[in-house]
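> what would the 3D arrangement of this be:
(one chain, ligands or ions: 1)
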Amino acid sequence: MKNKSEKRGVMKKIAVITGADSGLGREYTRLIVKESDVDEIWALAKTPARLQRLVQDFGDRIVPVEIDLTQLDALADFHRRLSLEKPEIRWLINNAGIGKFGPFEKLEALEAAWIVDLNCRAVVEMTWNCLPYMLAGSRIVNTASQAAFQPLPYFNVYAASKAFIDRFSLALAVELKPRGIAVTSVCPCWMRTPFITKAQTSAKPDVTRLFPITDPSPVAYLALADSKKGRTRSVYGTLTRLSILGAKLLPVGIVMAVWLIQQGLSGIPAFPGRKSQNHADGEQASRLPALTLDDKAAD
Ligand SMILES: NC(=O)c1ccc[n+]([C@@H]2O[C@H](COP(=O)([O-])OP(=O)(O)OC[C@H]3O[C@@H](n4cnc5c(N)ncnc54)[C@H](OP(=O)(O)O)[C@@H]3O)[C@@H](O)[C@H]2O)c1
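Take a look at the predicted model:
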């Protein structure tokens, strides 16, 4: 059956959302369905059952696209599909992402590379693939993170990958401004989504203090509103803004020290008089190097 645009003899207008079937991506999808200038929402993710659920919940404008974005073949297939269907892409939301808590050395073989493949390479490839189908007024929304603003020991590759997305987005926004295409880097704090459980690599995760934490719904709402206003960054919540400001102003060694203390990974209690919550038996504290003032020299 032809969609409205095809009946009018013009290209269909679509939104492309990666990681659309869960957490923040599902919220983006829920909101984009309400946009009147989009004929189809191409929802990209790996899990067929959850993609079908999107169709049930949000209607038949959802086009489920089962894809593993870490696979170059799959990205090439997506490129071919675009060149066959030639849609007008109104929204590209690069949102799929994974992270892993724990010491870099202890990550499973290839796990660190998958984080880079999904969080960085797929964002670049998807953007490159989609740009030829974007016109003035089209928008790119890239999910980075508050983690983009500081190196995070024991969440290392993830934080570095998000710094990549943020820098990539800001520079791309300048390059695409003459074409009238807006690019927004979305930098949420912790959100209540399956991401956090998936990031745990052991029964005793290294990262447990998730403060501040928020629901993904207002983050998605603000991100789309900021994109429409042409803002290059979208940051939800006063505490998140403050922590980003702190990360920009303070020496990086201090910022990392605060993170380690907050997570109970430094041997110094985050709250005087209390034992480390997550490693109360001291096992973790002895496994990790104690933080000294010399570590500020990292700056
Ligand atoms: N939750 C947080 O605390 C937090 C904070 C800041 C930023 N973020 C960022 O927010 C974004 C959304 O994460 P979320 O919190 O909503 O987590 P989530 O619920 O786990 O969603 C992740 C999405 O990415 C998809 N995905 C994962 N691997 C994929 C692959 N190889 N190919 C295609 N799709 C893949 C997942 O789909 P399948 O499961 O079907 O593969 C899922 O739809 C991520 O970029 C994350 O880094 C999260």
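
> this structure - how does it break down into domains?
Per the record, the chain has its domains at 4-247, 250-299, by automatic domain parsing.

> comparing the ones you listed by mean pLDDT, which bottoms out?
Among the domains of the chain, domain 250-299 carries the lowest mean pLDDT, at a mean of 61.

> which helix runs longest in this structure?
As assigned by DSSP state H, the longest helix anywhere in the chain is helix 156-176.

> I'd assumed residue 15 was in a strand, is it?
Yes: with DSSP: H, G, I helix; E, B strand; the rest coil as the criterion, residue 15 is located in a strand.

> list the beta-bridge partners for it.
Residue 15 forms beta bridges with residue 41, residue 91, as assigned by DSSP bridges.

> can you pull up the bridge partners for residue 140?
residue 92, residue 183.

> where's it relative to residue 244, distance?
21 Å (CB to CB, to the nearest Å). Heads up, the C-betas are built off the backbone N, CA and C, glycines and all.

> which one's more surrounded, those two?
Under the neighbour definition other CB atoms under 10 Å, residue 140 and residue 244 were set side by side, and residue 140 has more, 26 against 18.

> show me where the chain has helices.
Under the criterion DSSP H, the chain contains helices at 4-7, 23-32, 48-58, 72-85, 111-116, 122-130, 156-176, 195-199, 216-228, 238-249, 252-262, 283-287.

> redo those helices as TSV? Include distance to the ligand.
Below are the helices of the chain laid out as TSV (distance: least, CB to the nearest ligand atom, whole Å):
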stretch	distance to the ligand
helix 4-7	27
helix 23-32	2
helix 48-58	6
helix 72-85	8
helix 111-116	7
helix 122-130	7
helix 156-176	7
helix 195-199	3
helix 216-228	6
helix 238-249	10
helix 252-262	15
helix 283-287	21
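
> winner for burial among those helices?
Ranked by mean neighbour count under mean count of other CB atoms under 10 Å, those are led by helix 23-32, which reaches a mean of 23.

> may I have it exported as PDB, CA atoms only?
Provided in PDB are the C-alpha atoms of helix 23-32 (Å, rounded to 0.1, in the frame of the first residue of the first chain):
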ATOM      1  CA  GLY A  23      14.500   3.400  27.100                       C
ATOM      2  CA  LEU A  24      15.300   6.800  25.600                       C
ATOM      3  CA  GLY A  25      14.900   5.600  22.000                       C
ATOM      4  CA  ARG A  26      11.400   4.400  22.700                       C
ATOM      5  CA  GLU A  27      10.600   7.800  24.200                       C
ATOM      6  CA  TYR A  28      12.000   9.500  21.100                       C
ATOM      7  CA  THR A  29       9.800   7.200  19.000                       C
ATOM      8  CA  ARG A  30       6.700   7.900  21.000                       C
ATOM      9  CA  LEU A  31       7.200  11.700  20.500                       C
ATOM     10  CA  ILE A  32       8.200  11.500  16.800                       C
END
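
> which strands or helices does that helix pack on?
Applying 3 or more CB pairs under 8 Å, 6 or more residues apart in numbering; DSSP states H and E, one finds that helix 23-32 contacts strand 13-18, strand 40-45, helix 48-58, strand 88-94, helix 216-228.

> nearest residue to the spatially most central residue of the chain other than its sequence neighbours?
Residue closest to the mean C-alpha point of the chain, counted by CA atoms, centre = their mean, is residue 143 at 3.5 Å. Among residues not flanking residue 143 along the chain, residue 95 sits closest, at 4.3 Å (CB to CB, 6 or more residues apart in numbering).
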